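Peer 1: Structure here, sequence nowhere to be found:
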């Protein structure tokens, strides 16, 4: 998927914050200072001071000379970091992936988030106006890479949103500082007359590397999207995995059991604290000879019950061939769901329903040994064709959408494929008088029918069936049908089931 | 006055039943499962739950009849919305038929296995799960040792198990509490009415542990078993003779 990033730049982060805390500072020129090597240096200015030419790193005495009536406040160390983190956490409402961009910015990975605010424009506008209304002087930009978004937020003059794939065009007219370069490289570029990025971006890479080092190339690639740029997220999304390296290669089943128990205990402790449960889990055993053995389990209901999960893995231990030994175990839970807390019951009803924990654990166990596809439950379906009248339930919680039809008797055993029989019957639609199945003649004494079941013409076309319930002279009851009208050439008689 | 011989024998028999796990039902708690006179064949006159029953079905028609009788028994075992497991290697049961015997078909979990070995394993696991109403397994052959494993499983969990022996090759000794055989009988219809009547079966209890084997004729009316009385059967036979 195409990635999109938003870069936010707080131009007067600390002074804005102080103004919010102390509203009387709003119309006063003031700076924040910090002592460096026996000098007091400016570290932050507000807008009133900045327009008069005071820059960061200037001695406080010079600033005082430039701006009369300047208020000087000493900076609390680490304040900026704290503030950026707090703002980043506030921004998680816009995207789960927020990274701090020290000292005065944030980078948001907004891939797949913007449609929730009705498009990129509305999204960026929402963030910027919300932050501005709070009192922070913020600039934002959106682009395909964090590098370009950073550059446009700080140096862009035309529009804040760069269309996908247009990073190079957007960067051309910006100064080299937009590439997040070291002061030394910037100075060297300046000296050589490279005032904008377009002056040097098309130069051969080997030349640039020789003159300015690898860093320049890396920064260009990151801005253009040719190189991946890792972000240090404020709230990293940790996958549900656990690792267990072994001091010595493990070969015995007992040791594997211990490993699985340890991994499950760690994983389940975390899941439990977050109220989540495992639906599928994968155990990977890394062998000394480089092969990886994998064992997976699945559950019908999310669970973090260590004992139950271990029982499921216990069935798989036999399939784990340790070879010369296993040196690393990892356990992942690719599919987790929220656990529904179980309600305590005052008295236990007789028998258990489908939601009972004991039953789900039993079904998990059976499913892991026999295959989940071999365990079925059927729900009624509003279709008359006997083969289609039931459908498998998708989950243990599936409830029938309709009631079971009781109007017509249905055989207790049904053949997977109706089997052909030989029949004597009277025209046009009387029940058969006798039929021959597997060489045995059945004389019919009693019969019900016909019950005509038409094919679903919108699904398939073919002959309808006329069903008869018949009982032979020994009391055995059968379900027979004739496909089609007796005049049809393909019309034939079949045995389809046995009644109780 | 010393107690008579019969009293001693009957007391001893009760003790033996108790030791074997057949406790007499508490007063007021005695409730049949609707099998009528057939329940008297069992010790204390109570259909034994929490044990394994074996049902012989040499022919598919008998399987169908057995499925019907079993569904009728399940209806009372699964009254409280509980669940039963149906394990088989080649399943032919048609779930919608169960509703005719007052069993909710969606409360039955079907487990299809490839081998008889897996079916036995699944049955044992199912029987260990307390609260499952019943576990039914279609198994062709079972050895005494295997049946003993199943018996041990039910002894702690009190789940009822049913072994459907489709087309059994040999009938060895098993730990099952009873061996059933159900065969279809001609249904009984009111005079002159056309059509097929209610399902009707000949139920033979070939072996009952501590009970009295015998043979009964049962009919399933809309909501329960009804014993077919002798007289009705006789008239039926007469009718047949006339028809033949």
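Peer 2: Thanks, I have it. Computed from a predicted model, the values in this text were never measured in an experiment.

Peer 1: which stretches of chain B have low pLDDT?
Peer 2: Within chain B, the stretches with pLDDT under 70 are B:1-2, B:21-32, B:229-244.

Peer 1: In chain A, which residue sits furthest out from the middle?
Peer 2: residue A:426 (65.2 Å; CA atoms, centre = their mean).

Peer 1: can you give me the helices for the stretch 1-150 of chain A?
Peer 2: A:13-21, A:47-50, A:60-66, A:79-91, A:120-134, A:146-155 (DSSP state H, counting those that start in this stretch).

Peer 1: Just name whatever secondary elements the first one is in contact with.
Peer 2: Think helix A:13-21. For helix A:13-21, the elements it packs on are strand A:30-36, strand A:39-45, helix A:79-91, judged by 3 or more CB pairs under 8 Å, 6 or more residues apart in numbering or on different chains; DSSP states H and E. C-beta here means a position set from N, CA and C on the backbone, and glycine is covered the same way.

Peer 1: What separation is there between the spatially most central residue of chain B and chain A?
Peer 2: The C-alpha lying nearest the average C-alpha coordinate of chain B belongs to residue B:70 (CA atoms, centre = their mean; 5.6 Å). Plainly put, residue B:70 is 9 Å away from chain A if you go by CB to the nearest CB, to the nearest Å.

Peer 1: Tell me who's in contact with the nearest residue to that residue once chain neighbours are set aside.
Peer 2: Of all residues not flanking residue B:70 in the chain, residue B:162 sits nearest, at 6.1 Å (CB to CB, 6 or more residues apart in numbering or on different chains). With contact set as CB atoms under 8 Å, 6 or more residues apart in numbering or on different chains, residue B:162 has these partners: B:52-55, B:70, B:134-137.

Peer 1: returning to that earlier point: nearest residue to the residue farthest from the centre of chain A in space, please, no chain neighbours.
Peer 2: residue A:433 (7.0 Å).

Peer 1: what's the answer for residue A:229, then?
Peer 2: That would be residue A:222: by CB to CB, 6+ apart, it lies 4.6 Å from residue A:229.

Peer 1: ok so, going back, which helix or strand contains the residue nearest to the centre of chain B?
Peer 2: Residue B:70 is part of helix B:60-77, with elements assigned from DSSP states H and E.

Peer 1: now swap in residue A:409 and tell me
Peer 2: Using DSSP H and E, residue A:409 falls outside every helix and strand.

Peer 1: what does the one 10 residues further on give?
Peer 2: Of the helices and strands defined by DSSP H and E, residue A:419 is found in strand A:413-420.

Peer 1: name the helices or strands packed onto that strand?
Peer 2: strand A:492-498, helix B:60-77.

Peer 1: gap between residue B:186 and residue A:123?
Peer 2: To residue A:123, residue B:186 is 78 Å away according to CB to CB, to the nearest Å.

Peer 1: Please apply the same query to residue A:247.
Peer 2: On the measure of CB to CB, residue A:247 and residue A:123 end up 51 Å apart.

Peer 1: between those two, who's got more neighbours?
Peer 2: residue A:123 (24 against 6; other CB atoms under 10 Å in any protein chain shown).

Peer 1: ok, the more buried one touching residue A:113?
Peer 2: Yes: judged on CB atoms under 8 Å, residue A:123 makes contact with residue A:113 at a distance of 7.3 Å.

Peer 1: got any residues that touch both of these two?
Peer 2: With CB under 8 Å, 6+ apart, residue A:123 and residue A:113 have common neighbours residue A:94.

Peer 1: what packs against the helix holding residue B:70?
Peer 2: strand A:413-420, strand A:492-498, strand B:52-57, strand B:134-138, strand B:160-166, strand B:178-184, strand B:200-208, strand B:214-221.

Peer 1: and the angle for that helix with strand B:214-221?
Peer 2: Helix B:60-77 runs at 70 degrees relative to strand B:214-221, counting by axes from the mean of the first three to the mean of the last three CA atoms, to 10 degrees.

Peer 1: how about helix B:60-77: buried residues?
Peer 2: Judged by neighbour count using 16 or more other CB atoms under 10 Å in any protein chain shown, the buried positions of helix B:60-77 are B:60-77.

Peer 1: same question, stretch A:414-423
Peer 2: Buried-residue list, stretch A:414-423, by 16+ other CB under 10 Å: A:414-415, A:418, A:421, A:423.

Peer 1: how about stretch A:37-52: buried residues?
Peer 2: Applying 16+ other CB under 10 Å to stretch A:37-52 flags A:40-46, A:48-50 as buried.

Peer 1: circling back to that earlier point, in JSON lines: the helices and strands packed on helix B:60-77, plus distance to residue A:196.
Peer 2: Shown next, in JSON lines, are the helices and strands packed on helix B:60-77 (distance: least, CB to CB, whole Å):
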{"stretch": "strand A:413-420", "distance to residue A:196": "77"}
{"stretch": "strand A:492-498", "distance to residue A:196": "83"}
{"stretch": "strand B:52-57", "distance to residue A:196": "88"}
{"stretch": "strand B:134-138", "distance to residue A:196": "80"}
{"stretch": "strand B:160-166", "distance to residue A:196": "85"}
{"stretch": "strand B:178-184", "distance to residue A:196": "95"}
{"stretch": "strand B:200-208", "distance to residue A:196": "97"}
{"stretch": "strand B:214-221", "distance to residue A:196": "93"}
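
Peer 1: Of these, give the one that comes closest to residue A:324.
Peer 2: strand B:134-138 (41.7 Å; CB to CB).
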